[in-house]
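**Q** For reference, the sequence and a predicted model appear below.
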Amino acid sequence: MDVTLATILLGILLSLLIVIPRLYSKSDQPKKVTLNAQNKAVKSYSKAEVALHNNRTDCWIIIKDKVFDVTSYVEEHPGGDAILAHAGDDSTEGFYGPQHATRVFEMIDDFCIGDLEK
């Protein structure tokens with residue numbers, strides 16, 4: 001019985017030696033997630049990550065350090081392809097231009113997917 005118990009304990013210890021390093025490996029770490037005022041998780045994205053989403057069928061933009069996935073809105077955009085001018089990049093200046101009605105400032109929140117990493 002002592003041999004069986006020793007074998008089980010040895011098996012558990014060896015398993016831990018394999019599992020624990022994987023839990024802390026850098027490549028497996030989740031993205032930084034914070035909580036907003038409503039205690040909802042907010043992801044953070046790097047500029048490099050946002051830059052990958054730079055076309056009509058996959059369009060992310062940055063507005064005031066927030067990241068927005070506007071892919072579903074590209075075809076509806078009243079300004080046509082102007083929304084694509086800064087796809088995958090900072091669109092703050094263009095967004096706050098005189099062409100946008102105030103309702104746009106409220107509706108953009110529906111497309112927010114996270115914050116830009118600082």
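**A** Looks like it arrived, so ask away.
**Q** Would you mark the buried spots in stretch 60-79?
**A** Trp60, Ile61, Ile62, Ile63, Lys66, Val67, Phe68, Asp69, Val70, Thr71, Val74 (16 or more other C-beta atoms under 10 Å). Any C-beta I mention is one placed from the backbone N, CA and C, and that applies to glycine too.
**Q** So what pairs up with the third one in the strands?
**A** Read it as Ile62. Val67, Asp90 (DSSP bridges).
**Q** Please, where are all the helices along the protein?
**A** With DSSP state H as the criterion, the chain has helices at 2-23, 47-51, 92-95, 102-107.
**Q** Least confident of those helices, on average?
**A** In terms of mean pLDDT, the lowest-scoring of those is helix 2-23 (a mean of 68).
**Q** ok, back up a step: would CSV of the buried residues of stretch 60-79 with pLDDT be doable?
**A** Below are the buried residues of stretch 60-79 laid out as CSV (pLDDT from 0 to 100):
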residue, pLDDT
Trp60, 97
Ile61, 96
Ile62, 97
Ile63, 94
Lys66, 97
Val67, 97
Phe68, 96
Asp69, 97
Val70, 95
Thr71, 95
Val74, 93
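**Q** Among the residues you listed, which pair sits farthest apart?
**A** Within those, Lys66 and Val74 form the most distant pair, 18.0 Å apart (C-beta to C-beta).
**Q** and which of the buried residues of stretch 60-79 is nearest to Ile12?
**A** Nearest to Ile12 among these, with distances taken as C-beta to C-beta, is Val67, at 42.9 Å.
**Q** What separation do you get for the closest one and Ala85?
**A** Computed as C-beta to C-beta, to the nearest Å, the Val67 to Ala85 distance reads 17 Å.
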